[in-house]
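# coords please:
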Amino acid sequence: MSNPAPINTAVILAGGEGRRLFPLTASLPKPLVPVGDRPVIEYPLEQLVRCGIVKVHVAVNHLADQIRETLGDGSKYGVQLCYHEEALPLSTIGPLGLIENLPETFFVMNGDVITNIDLRKVGASHQSSGAIMTVVVCPRTERIDFGVIETDETHTVSAFIEKPSYSYLVSSGIYCMSRRLLEVIPKGRRFGFDELVQSLQQRGERIHTYHFDGYWLDVGRPDDYERANREISDIRFDIK
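As a prediction, this is how the structure comes out:
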């Protein structure tokens, strides 16, 4: 069997309003809020370039002209940029329906993710899996600041756990997709990632996961935005 073709195309989703970051986003689109001394969207864009991407489609909506003016045609980053503007907000996955002639396999990445992931490994995992989509998932642990009581069916205490921790996996906003996935995305209406997963599962499609425990941060929340600005000077972006 011949080796799959290298993946050289990606989509950055950059249309969100960033309401949770208001008032920072009162006059700036969320992808342009500063982390360190740079717009946050430059971090995922440059990570894509490090991993061999040569063409990036940027889905824009809120204050789209500012994003175009900041990023230009992509030549200063060593990549070709193409812009696709939503007439109406299309949620997290709907914008993919605006983009024609996507290749057989491509990456999709949120415009406010900071990470040192090696997307080439993600792509290889996806292509060998035979799945229609690969979701990069990251481990998270939450500590409950209370004593947790468990009861049985008679409401009798069966266990008491003092301030337990729970571990789970979260979607990172980084995906590798096969082109046939586009068949389930409706044109011109909102369509979220949750709806995509449900639609694919209903069709019996396999969704693969790639587990990543390197640096990953979604700066769409105020706490994570502040953390990114504290840590950005110490992050090593060598692909991992």
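# which residue is nearest the centroid of this structure?
Nearest to the geometric centre of the chain sits Gly173, at 1.9 Å (CA atoms, centre = their mean).
# Do I have it right that that one meets Ile117?
No: using CB atoms under 8 Å, Gly173 is not in contact with Ile117, being 11.1 Å away. Using the backbone N, CA and C atoms, a C-beta is placed for each residue, glycine as well.
# thinking again about what came up before, is the residue nearest to the centre of the chain in a helix, a strand, or coil?
strand (DSSP: H, G, I helix; E, B strand; the rest coil).
# ok, now which ones touch it?
13, 109-110, 112-113, 218 (CB atoms under 8 Å, 6 or more residues apart in numbering).
# so can I have a markdown table of those residues showing distance to His62 and secondary structure?
Formatted as a markdown table, the contacts of Gly173 follow (distance: CB to CB, whole Å; DSSP: H, G, I helix; E, B strand; the rest coil):
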| residue | distance to His62 | secondary structure |
| --- | --- | --- |
| Leu13 | 12 | strand |
| Met109 | 18 | strand |
| Asn110 | 14 | strand |
| Asp112 | 13 | coil |
| Val113 | 18 | strand |
| Asp218 | 17 | strand |
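# Grab the CA positions of stretch 71-84 and hand them over as PDB.
Taking Å, rounded to 0.1, in the frame of the first residue of the first chain, the C-alpha atoms of stretch 71-84 are listed here in PDB:
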ATOM      1  CA  LEU A  71      -2.700  38.600   8.700                       C
ATOM      2  CA  GLY A  72      -2.700  39.800   5.100                       C
ATOM      3  CA  ASP A  73      -2.100  37.100   2.400                       C
ATOM      4  CA  GLY A  74       0.000  35.000   4.800                       C
ATOM      5  CA  SER A  75       3.300  35.700   3.100                       C
ATOM      6  CA  LYS A  76       4.900  37.000   6.300                       C
ATOM      7  CA  TYR A  77       4.200  33.600   7.900                       C
ATOM      8  CA  GLY A  78       5.300  31.500   4.900                       C
ATOM      9  CA  VAL A  79       1.800  30.300   4.100                       C
ATOM     10  CA  GLN A  80      -1.000  31.100   1.700                       C
ATOM     11  CA  LEU A  81      -4.100  32.500   3.400                       C
ATOM     12  CA  CYS A  82      -7.700  32.400   2.000                       C
ATOM     13  CA  TYR A  83     -10.600  34.100   3.800                       C
ATOM     14  CA  HIS A  84     -14.200  32.900   3.900                       C
END
